[in-house]
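Asker: model the following, please.
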Amino acid sequence: MQDSEFIRDYAIEDPIMFMHALDMKYALELNLADFQTFDPMFDATYIANWENDINTARQYDKDDYVEISLVQNTEVLDKEMELCRICFQNAKFFIEKAYPGNPQMWKVFGYADYEATRKSPEKMLVFMLVLHEAVSQNATKLATVNFTQTDIDEVLARKSALEAVIISRTLFLRSRSLKTRERILLLNKVWNYLSEVSAASKLIYRNNYPLYQLFLLPESKDADRGIDIKGRVKDASTGENIKGIQAEIASLKLTTTTNAWGFFRFGKLEKGTYAITLSGEGYQNLTVEVFFDGKEMFIGEWVMA
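Answerer: Okay, the predicted model is just below:
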């Protein structure tokens, strides 16, 4: 599989997805008889498996933990890079003392390559390897200006330390990629239950508006299937989306609330005109009339003051 295939099947935050999963699982338990009549696969084992997969996904390494580990790993790498730069500057003092005014000889110690390598860990590793070889081959001359074997060993030590960190970071990044893939697969597995139950509910409750509404999916790439009215609510003064606004079709006893993006949705409606009342703390109630033609989803946007 390509990396692009390892993406979440939903467009909401993971904690919100888990909340919807738990809510819908509970709704399934309460209405299990209806679902079993429709398809026997919806049974106690199905619910138990769903709960187990929710718990497994929630306990898996979280993205924020992985990010913290990566930051720590990067900080160690930056520290080793700085120590390598300091080591070279120290050697440079003695090299120029041993070979004063001799740019051709300085090139042997990597002078011409330093600027291009000082910010690249991989290039710095090669640079330190070459520097160690050069100071070792010129140890006798350098010793006359007090650049000793201890200093030569320090160049090797810095090269070895940098190499160890690069290897560690490479392994971490590979592991991180694998863990990210595994976690997304677990999250999508939980989401699949939501999609499966929601799809079945649309057939089971096609003539039962309140229960049909109860099993609608939150925002996702499949979320608008079966949606007849979709609206967004914004603040009149700021233009920002408003979360938590209650949208009600009193004639059908249907109620829902806007999500983090200010959207609310109603599904499985007959053709007709509907009065939707919008209400929320700190805002004046707003009633809007919406005509649904029975075919194309109606999409509207309103502001509240």
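
Asker: low-confidence stretches in the stretch 1-150 of the chain?
Answerer: Within the stretch 1-150 of the chain, the segments meeting pLDDT under 70 span 1-6, 61-70.

Asker: mind listing what's buried along stretch 243-260?
Answerer: 245, 247, 248, 249, 254, 256, 258, 259 (16 or more other CB atoms under 10 Å). In this view, the C-beta of every residue, glycine as well, is placed from N, C-alpha and C.

Asker: so for it, what's the average pLDDT?
Answerer: Mean pLDDT, computed over stretch 243-260, is 89.

Asker: for that stretch, measure first residue to last.
Answerer: 5 Å (CA to CA, to the nearest Å).

Asker: is residue 299 in a bridge, and if so with what?
Answerer: With DSSP bridges applied, residue 299 shows beta-bridge pairing to residue 230.

Asker: distance of it from residue 280?
Answerer: 20 Å (CB to CB, to the nearest Å).

Asker: give the contact list for residue 214.
Answerer: 27, 201 (CB atoms under 8 Å, 6 or more residues apart in numbering).

Asker: just the pLDDT at it, thanks.
Answerer: 80.

Asker: again with the one 3 residues further on
Answerer: According to the per-residue confidence, residue 217 scores 83 in pLDDT.

Asker: likewise for residue 203?
Answerer: Listed pLDDT for residue 203 reads 91.

Asker: surely it meets residue 38?
Answerer: Yes - Residue 203 lies in contact with residue 38 (CB atoms under 8 Å); the separation is 6.8 Å.

Asker: neighbour count: the two, which is higher?
Answerer: The residue with more neighbours, out of residue 203 and residue 38, is residue 38; 14 against 10, by other CB atoms under 10 Å.

Asker: who's in contact with residue 54?
Answerer: Residues near residue 54 by CB under 8 Å, 6+ apart: 18, 21, 22, 25, 190.

Asker: test my guess that the second one contacts residue 192.
Answerer: No - under the criterion of CB under 8 Å, residue 21 lies out of contact with residue 192, with a separation of 10.2 Å.

Asker: okay, the two: which has more neighbours?
Answerer: Between residue 21 and residue 192, counting by other CB under 10 Å, residue 21 is the more crowded of the two (23 against 13).

Asker: show the subsequent helix or strand relative to the strand or helix carrying residue 265.
Answerer: In this assignment (DSSP states H and E), residue 265 forms part of strand 263-267. Using DSSP H and E, the helix or strand that follows strand 263-267 in sequence is strand 272-279.

Asker: mind listing the strands that next one pairs with, and their directions?
Answerer: Counting by DSSP bridges, strand 272-279 is paired with strand 246-249 (antiparallel), strand 286-292 (antiparallel).

Asker: next, format these as a markdown table and append distance to residue 158.
Answerer: Below are the strands paired with strand 272-279 laid out as a markdown table (distance: least, CB to CB, whole Å):
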| stretch | distance to residue 158 |
| --- | --- |
| strand 246-249 | 64 |
| strand 286-292 | 68 |
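
Asker: tell me which of residue 299 and residue 280 has more neighbours.
Answerer: More crowded of residue 299 and residue 280, by other CB under 10 Å: residue 280, with 18 against 14.

Asker: re earlier: may I see the ChimeraX selection of the buried members of the contacts of residue 54?
Answerer: The following ChimeraX line selects those of the contacts of residue 54 that are buried, judged by 16+ other CB under 10 Å:
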select :18,21,25,190
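
Asker: restricted to helices, list the contacts of residue 54.
Answerer: In this view, those that belong to helices under DSSP state H are 18, 21, 22, 25, 190.

Asker: now for the third one: which residues touch it?
Answerer: This points to residue 22. Applying CB under 8 Å, 6+ apart, the residues near residue 22 are residue 54.

Asker: same check, this time on the fourth one
Answerer: With contacts defined as CB under 8 Å, 6+ apart, residue 25 is in contact with 47, 50, 51, 54, 193.

Asker: among these, who's most crowded?
Answerer: Busiest of the contacts of residue 25 [other CB under 10 Å] is residue 50, holding 22 neighbours.

Asker: give me the nearest residue to that one, chain neighbours excluded.
Answerer: residue 193 (4.6 Å; CB to CB, 6 or more residues apart in numbering).

Asker: how far off centre is the one helix or strand that neighbour maps to?
Answerer: Taking DSSP H and E as the definition, one finds residue 193 inside helix 149-204. Relative to its parent chain, helix 149-204 has a centroid offset of 12 Å by CA atoms, centre = their mean, to the nearest Å.
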